[in-house]
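Engineer: I'd like to go over a predicted model; first the sequence, then the structure.
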Amino acid sequence: MPLGSFPNTRLRRNRRDAWTRALTAENVLAPSNLIWPIFICEGENRRVPVDTMPGQIRVSVDLVAEHVAEAVALGIPAVALFPYTPAEQRDPEGTRALDENNLICSAARALKAAHPTLGVIGDVALDTYTDHGHDGVLRDGYVHNEDTVAILCEMAVTMAKAGVDVIAPSDMMDGRIGAIRAALDAQGLIHTKIMSYAAKYASGFYSPFRDAVGSLGQLIGDKKTYQMDPANSDEALREVALDIQEGADMVMVKPGLPYLDIVHRVRTTFGVPTYAYQVSGEYSMIMAAVERGWLDHDRAMMEALMAFKRAGCNGILTYFAVKAARLLKNG
Ligand code: PBG
């Protein structure tokens, strides 16, 4: 890199005008980079606000197509679906995950019928269906790896058959990507993609999400025996390497902003399609500060999203997706 020196080199020269700032921008954020996570609930004609996530709601299946219509019009390529499961419908094995008429499968069918060009991403893990709130099944109090993977494979096939385009395992069991790939292929579902939550950390930033899906009061203990230790970075590369080897089409880092160093290492090391999840807590932190008048909503949102692009993300799962896409479109 040629080095210049002051006064011949004045880095402020290119920053002086809006048009040179535009010409010299190293990264661009577009609606096509955004994935919108949405929550589905039982019932009809329901729009239930999520108290811990101002501006986000749970919608019933009959309203889901209408709910995403603006996102589709704005050019958002995909949505990620999560079910709200009330306590009385949960059990230790997360049985409802395998029901072809559960909320996710029903919402996927409704979405593919109304918006055939919209990508539908389905989360594969049991925590939104279990009464103990863990992502897998417990054997002697421990989340059992192989028993869980067997259920997740069935869950993935059920979802894919309902129209889910991208299976997104968020459970962090060992070997699940390879097992799910094999299970999908055995059913001829060779076009179903896998976006692996490859480096997912045991984070305190998921609390509003657990409220949104009805898991908050459910979880016994924590998820540290399967989700990663926030102290670790080399281990994230091992996780990602394994998932790519096992057949992941896209890899994800989660949470987002506090883990951009991981995003950057993953993207530069592997060069595969790389995503980050700006999780519920990150969304709610910004929204809480905005409500207090401490941050400007649009500036905080756009700066955070651009930071993901700069770090190397191809796309971002974000609850801001629609608000950001509106701003990108209308200025
Ligand atoms: C389920 C899952 C979680 C999130 C996405 N999928 C919660 C968890 O692992 O406890 C969190 C998303 C968010 O906080 O926005 N395994």
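Structural biologist: Yep, that arrived. Residues are numbered from 1 along each chain as shown.

Engineer: and the stretch 1-150 of the chain, which of its residues are near the ligand?
Structural biologist: Counting by Cβ under 6 Å from any ligand atom, the stretch 1-150 of the chain comes close to the ligand at Asp123, Ala125, Asp127, Asp135. The way it works is simple: take the backbone N, C-alpha and C, and place the C-beta from them, glycine included.

Engineer: and these as a markdown table, adding secondary structure and pLDDT?
Structural biologist: Listed next are these as a markdown table, based on DSSP: H, G, I helix; E, B strand; the rest coil; pLDDT from 0 to 100:
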| residue | secondary structure | pLDDT |
| --- | --- | --- |
| Asp123 | strand | 98 |
| Ala125 | coil | 98 |
| Asp127 | coil | 97 |
| Asp135 | coil | 98 |
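
Engineer: Got phi/psi on the residue nearest to Arg46 when sequence neighbours are not counted?
Structural biologist: Leaving aside its chain neighbours, Arg46 sits nearest to Ser60 (4.1 Å; criterion: Cβ to Cβ, 6 or more residues apart in numbering). When read as degrees, to the nearest 10, the backbone of Ser60 gives phi -80, psi 160.

Engineer: what's the burial count for Ser60?
Structural biologist: Look at Ser60: counted by other Cβ atoms under 10 Å, it has 20 neighbours.

Engineer: so it makes contact with Ile40?
Structural biologist: Yes - Ser60 lies in contact with Ile40 (Cβ atoms under 8 Å); the separation is 7.3 Å.

Engineer: residue boundaries of the strands in the stretch 101-250 of the chain?
Structural biologist: 119-124, 138-139, 142-143, 166-169, 193-200, 250-254 (DSSP state E, counting those that start in this stretch).

Engineer: The longest one near the ligand anywhere?
Structural biologist: Read it as strand 193-200. No - counting by Cβ under 6 Å from any ligand atom, the ligand has no neighbours in strand 193-200; the shortest distance is 6.8 Å.

Engineer: Which other helices and strands does that strand contact?
Structural biologist: strand 166-169, helix 176-186, helix 234-245, strand 250-254, helix 260-270 (3 or more Cβ pairs under 8 Å, 6 or more residues apart in numbering; DSSP states H and E).

Engineer: export those to JSON lines and tack on distance to Thr148 and mean neighbour count?
Structural biologist: Converted to JSON lines, the helices and strands packed on strand 193-200 look like this (distance: least, Cβ to Cβ, whole Å; neighbours: other Cβ atoms under 10 Å):
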{"stretch": "strand 166-169", "distance to Thr148": "10", "mean neighbour count": "26"}
{"stretch": "helix 176-186", "distance to Thr148": "8", "mean neighbour count": "19"}
{"stretch": "helix 234-245", "distance to Thr148": "16", "mean neighbour count": "17"}
{"stretch": "strand 250-254", "distance to Thr148": "19", "mean neighbour count": "26"}
{"stretch": "helix 260-270", "distance to Thr148": "24", "mean neighbour count": "19"}
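
Engineer: closest to the ligand out of those?
Structural biologist: Smallest distance to the ligand across the helices and strands packed on strand 193-200 (Cβ to the nearest ligand atom): 7.0 Å, for strand 250-254.

Engineer: ok, the closest one: who's next to it in the sheet?
Structural biologist: Strand 250-254 has the following sheet partners, assigned by DSSP bridges: strand 193-200 (parallel), strand 274-278 (parallel).

Engineer: what residues does the stretch 151-300 of the chain put near the ligand?
Structural biologist: With Cβ under 6 Å from any ligand atom as the criterion, the stretch 151-300 of the chain comes near the ligand at residues Ser170, Tyr206, Phe209, Arg210, Val279, Ser280.

Engineer: so which one among those has the lowest pLDDT?
Structural biologist: The member of those with the lowest pLDDT is Arg210, and it reads 94.

Engineer: Verify the stated contact: that residue with Asp222.
Structural biologist: No - using Cβ under 8 Å, Arg210 is not in contact with Asp222, being 11.7 Å away.

Engineer: So for the two, which residue has more residues nearby?
Structural biologist: Set Arg210 next to Asp222 and count neighbours by other Cβ under 10 Å: Arg210 wins out with 18 against 10.

Engineer: can you count the residues close to the closest residue to that one other than its chain neighbours?
Structural biologist: Excluding its sequence neighbours, the residue lying closest to Arg210 (Cβ to Cβ, 6+ apart) is Leu216, at 4.3 Å. Around Leu216 there are 15 other residues, counting by other Cβ under 10 Å.
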